[in-house]
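**Student:** Mind looking at a prediction? Sequence and model below.
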Amino acid sequence: MKFSKILKIVFLFLVITFCKPVFSQENTVVSGGDLSGSGGNMSYSIGQAIYTTSSGSTGTLSQGVQQPYEIYSTVGIDEFKGITLGMSIFPNPVVDLLVLKIENGLTENLSFNLYDEAGKIIENRIITTSETTISMSQYMRAVYFLKVISNDNELKTFRIVKN
C-alpha cells in the first residue's frame, strides 16, 4: 500500500516536471549576407519573421526573427482553355540574366511583372519577342516571382531564385 502511494507521488512529480511547455526558437533562413553603403553596414537574412519596423526618410527596415514568405506556383487559369501558350524560364536559379521564352511565339498583349518576396512590383515590361531577357544583376540574393499577364489576366507565375 505504501509502495503504490510512493509510486503515485513519483509519477505526479515526473508529470509536473517533464510536461511543462517547452519554448524554443527555430531559425530557418534561406539566404543572407552583408550590405554596406554610405549610411553604414547591415547584415541580413531572408526567411525571418518581423516583430519591429523602423521607418526613416530613406526607407523602412523590418527587423526580427522569422520573416515568412509564401511560396506558391500558379500553373494557369481554367478560364483560358483556348490559350495554348507554352512558357519557360532559364536558368533558375539565376545569377545575372534570366530568359523568359514564349514557345509558340504569340506575344500579342503579353507583359510581365517581377515581384520581390514582399509582393512589391520591382519591374514590369511588355513582352515583344518570343525570348525576353531580364537582368537580375541589380537585385539581391532572394526569391522573386515573375507573373506573365495577358490583358490584365494572370497566365502563369514563376518562382525565381536569385543567387
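**Tutor:** Received, thanks. Everything quoted here is computed from the prediction, not taken from an experiment.

**Student:** Output stretch 116-125 as PDB, nothing but the C-alphas.
**Tutor:** The C-alpha trace of stretch 116-125 is given here as PDB (Å, rounded to 0.1, in the frame of the first residue of the first chain):
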ATOM      1  CA  ASP A 116      10.000  40.700 -54.600                       C
ATOM      2  CA  GLU A 117       9.200  38.500 -51.600                       C
ATOM      3  CA  ALA A 118       7.100  41.200 -50.100                       C
ATOM      4  CA  GLY A 119       4.800  41.300 -53.200                       C
ATOM      5  CA  LYS A 120       6.100  44.700 -54.400                       C
ATOM      6  CA  ILE A 121       6.400  45.100 -58.200                       C
ATOM      7  CA  ILE A 122      10.100  45.800 -58.900                       C
ATOM      8  CA  GLU A 123       9.900  45.600 -62.700                       C
ATOM      9  CA  ASN A 124       7.200  45.400 -65.300                       C
ATOM     10  CA  ARG A 125       7.600  45.300 -69.100                       C
END
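
**Student:** Not counting that stretch itself, show me its contacts.
**Tutor:** Stretch 116-125 is contacted from outside by 46, 69, 111-115, 132, 134, 139, 142-144, using CB atoms under 8 Å, 6 or more residues apart in numbering. Every residue, glycine included, has its C-beta placed from N, CA and C.

**Student:** so for that stretch, what's the average pLDDT?
**Tutor:** What stretch 116-125 shows for mean pLDDT is 91.

**Student:** Buried residues of it, list them for me.
**Tutor:** 116-117, 123 (16 or more other CB atoms under 10 Å).
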